[in-house]
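[1] Requesting a structural model of the entry that follows:
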Amino acid sequence: MNIKTKINFVRISPRKMNRVIKEIVGMKVNDALNTLKYLPHNCARILLKVVKSAKSNAVNNYNLSEENLIIDEGYTGQAIMMKRFTPMSRGRAGSIQKKLSHVTISLREGSTNGAKN
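    Modelled structure (predicted):
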């Protein structure tokens, strides 16, 4: 059984978010939470909340065991771009694109074969 948790319109670019998601996919949930707690990236704080939410959903709504949960997949999609402008030389305006992302984390209950420790 897969339990998906999604957070939309996160104010960080998907490229930065994917860098951290790749590290936690395949880990046990408790190990991933410990890893995310001590990573220096700003997106680790956001992912920490998403993984905690997915874990709570699995335990409370589906009565799954907390020790057997594994992060099955995680991915980030491009959301809208906020477009801003900054003044440039000779009266021109340069565009700035502030990217947002949608984050999805999927958990499964199963054996720890092939899981990272």
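[2] hmm, what's the outermost residue in this protein?
    residue 90 (41.6 Å; C-alpha atoms, centre = their mean).
[3] Distance of that residue relative to residue 70?
    56 Å (C-beta to C-beta, to the nearest Å). All C-beta spots, glycine's among them, are computed from the backbone N, C-alpha and C.
[4] likewise residue 5?
    14 Å.
[5] next one: residue 108
    In terms of C-beta to C-beta, residue 108 sits 6 Å off from residue 70.
[6] out of the two, which sits in the more crowded spot?
    residue 70 (22 against 15; other C-beta atoms under 10 Å).
[7] what sits against that one?
    26-29, 107-110, 112, 115 (C-beta atoms under 8 Å, 6 or more residues apart in numbering).
[8] What residues sit buried inside the helix or strand hosting it?
    Using DSSP states H and E, residue 70 maps to strand 69-87. Going by neighbour count (16 or more other C-beta atoms under 10 Å), the buried part of strand 69-87 is 69-72, 74-76, 79.
[9] nearest to residue 34, of those residues?
    residue 71 (12.8 Å; C-beta to C-beta).
[10] could you pull out the strands for the chain?
    2-10, 69-87, 93-109 (DSSP state E).
[11] Go ahead and measure how far the second one is from the middle of the chain.
    On the basis of C-alpha atoms, centre = their mean, to the nearest Å, strand 69-87 is displaced by 9 Å from the centre of the chain it belongs to.
[12] now do the first one
    If you compare the mean C-alpha spot of strand 2-10 with that of the full chain, they lie 8 Å apart, counting by C-alpha atoms, centre = their mean.
[13] So which residue is smack in the middle of this structure?
    residue 47 (4.1 Å).
[14] That one reaches residue 19, doesn't it?
    No - Residue 47 is beyond contact range of residue 19, at 10.8 Å (criterion: C-beta atoms under 8 Å).
[15] Now for those two: what residues contact both?
    Contacts common to residue 47 and residue 19, judged by C-beta under 8 Å, 6+ apart, are absent.
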